[in-house]
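Chemist: Just a sequence and a predicted model for now, questions to come.
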Amino acid sequence: AMGRDRFNEQSELFQTIKALSELRKSHKVFTHGTPKLLKDNAAGAGVLAYQMHTDKDNAFIIFNSAEHEALLDNLDTELPEGTQLSPLYSIKPWAKDIIVGNKGRLSMALPARTGLVLRAMGAAAAPEVHNAPTIDANKNRVFSNNFIVKGTAAQPFLLVLDGDLSTAIVIQPAANGRWQYTINTQSMMDATITHRLVAWQANQRITSASFDFHVEKKWRELLTIDDPKNDDHGPRGTYQYPDDAGWRDYRQQDIERVTVSSAGNNLKITLKMRAIAQLWNPANGFDHVAFSGFIEMPGKSMGSTVMPLQNSQMPEDMAWHYRWRSHGWSNAFFSAENASANTEGSISSPGVHISVDKDRHSIEFIVPGKAIGNPASLSGIKLYLSTWDYDSNYRELKLKADQQSFGGCKSTGPKIMDDTIVIT
C-alpha cells in the first residue's frame, strides 16, 4: 500500500548500521575520543588501524581491506604488556579476547575483508615471552634489483612482505639458527612506497622488528610508435567532437605518439597527446577524454574479444586479459572474467598509476607487474589503447553532434575517437 515503509530492517546493511550506532551510543570513546592513525599499508590493500582514546578509555579499530589474509605486526598500543583487548564489534565472527604482547606491541593475522573494534579492558596474564625471529640490520634501504636478507630464528617462520600472508614464504633456519632469503623486487616500481618485511612466528604470535625499504628501478624504453596526427575522427573518419568549446578547441583525444617502457615486469605506457585540458579541475590531471587500455598476455586463454560498452570488437583478433579505463575522475582496472559487450569485466587490484605533464602534453600509465599476474617476462604481451570520453558511461554518440554528445554515426557505432595499432 502507498505510504508503507518498505525498508528491510532485517537486511545486513540495516543490522550493520544499527549495531554501529548502538556502539557509538554505548561507548563515549567513539564520540568524545581523539583519533590517532597507527598503521596503514602504502603498498596496497591490507591493514589499516587507528585508535580512539580518552583519559579513561581506549579503543582500537582494525581493518583488513585486502582479498587475502593480512598480518598486523608490531602495533604500538602504548598499553601495558598483558592488557586485555575485548572485541566490541567485528565484521566477521571474532569471539576471543586479544592480549597485548611484549613492550605493548600487538601482532595478529587478520582474515580477508574484515574489521574489528577492540576495547582495552584491563590486565590479564602477560603472554609468555619467546625469542622472536630477527632480520639483520642493513644500512642499505634502497635497492634496484633483488637483494638478500638474513637473520636468526629458533624454528621455522613466515617471511611476510607488505603484510600479505597469502604470499608469505616459509623459512627453515639452519642448524646454527641462521637463515637467508632473496627478495624478488621485479614487480616493485614505485620509489615512493615504503615496503615492509617482517618475520612472523605464527604459533606464538610474535614478529621480528620490521625491515623497511624502497625500490628504485630504471625504466628501459622498448619501443616508440608515432600515431598519425589529426586522425581523431573515429574509425571511418566521420566523427565530430561535441559542439562545446571544451572539446572543439582542444581535441584532447588525438594520440600523437606512444612510448612503451619496462622495469622488471612493470609496464609503462607514455602517450603524447595533441592537447591536455584541465578545464574542470580533474583529479587525475586531464579531462574531456577517457582512455581504454587493453593487455593480452601470451600463452593465456580465456581472453575477451569485445570492447565493453564501446560497441566494438578488439582489432586484429586480439583477446584481452586485463583492461583499464581512466578519465578525469576514475581509474578502474579489470580482468576479462565476466566481460561482455555490456559488462566491463571483474574489478581487479592493483590498478594503473597515472601521471600527467600538461606542458609536454604527456600522460603516463604504469601497469604494476602484480596487476597482470607477476609474469616472469613481458615478452609477447600485446597492447592496444583507444580514446573517447566518459561520464558515468561512455559518452553518447549521435548522427549529429550537440553540446555534450559526439556526432557522425548512429548510437550503436564504435565509441572510438582515436586508437593505436596493436602493439607487440
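Modeler: Noted; the coordinates are in hand. Worth saying up front: this structure is predicted, and the values here are computed from it rather than measured.
Chemist: mind listing what's buried in stretch 60-73?
Modeler: For stretch 60-73, burial by neighbour count (16 or more other C-beta atoms under 10 Å) applies to 60-66, 68-73. Using the backbone N, CA and C atoms, a C-beta is placed for each residue, glycine as well.
Chemist: Of all residues in this structure, which one is nearest the centre?
Modeler: For the chain, Pro350 is the residue whose C-alpha lies nearest the centre (C-alpha atoms, centre = their mean; 3.3 Å).
Chemist: Next, work out how far apart it and Trp280 are.
Modeler: The spacing between Pro350 and Trp280, counted by C-beta to C-beta, to the nearest Å, is 26 Å.
Chemist: mind exporting the least confident helix or strand in the chain by mean pLDDT as CSV, just the C-alpha atoms?
Modeler: Between all helices and strands in the chain, the lowest mean by mean pLDDT, DSSP states H and E belongs to helix 12-26, at a mean of 87. Output of helix 12-26 as CSV, limited to C-alpha atoms (Å, rounded to 0.1, in the frame of the first residue of the first chain):
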residue,chain,number,x,y,z
GLU,A,12,22.6,-7.0,6.6
LEU,A,13,23.1,-3.3,5.8
PHE,A,14,20.4,-2.2,8.3
GLN,A,15,21.7,-4.5,11.0
THR,A,16,25.3,-3.2,10.5
ILE,A,17,24.2,0.4,10.8
LYS,A,18,22.1,-0.4,13.8
ALA,A,19,25.0,-2.2,15.5
LEU,A,20,27.5,0.6,14.9
SER,A,21,25.0,3.2,16.0
GLU,A,22,24.4,1.4,19.3
LEU,A,23,28.2,1.0,19.7
ARG,A,24,28.7,4.8,19.5
LYS,A,25,25.9,5.4,21.9
SER,A,26,27.2,2.9,24.4
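Chemist: For it, which outside residues touch it?
Modeler: Here helix 12-26 makes contact (C-beta atoms under 8 Å, 6 or more residues apart in numbering) with Phe7, Asn8, Phe30, Thr31, Leu88, Tyr89, Val117.
Chemist: I'd like to know which of those residues are buried.
Modeler: Phe30, Leu88, Tyr89, Val117.
Chemist: ok, which pair from these is furthest apart?
Modeler: Phe30 and Tyr89 (10.3 Å; C-beta to C-beta).
Chemist: can you tell me which residues contact Ser335?
Modeler: His321, Tyr322, Arg323, Gly345, Ser346, Ser348.
Chemist: between the residues you listed, which is closest to Gly177?
Modeler: Distances from Gly177 to the contacts of Ser335, taken by C-beta to C-beta, are shortest for Ser348, at 41.2 Å.
Chemist: Thank you kindly, that will do.
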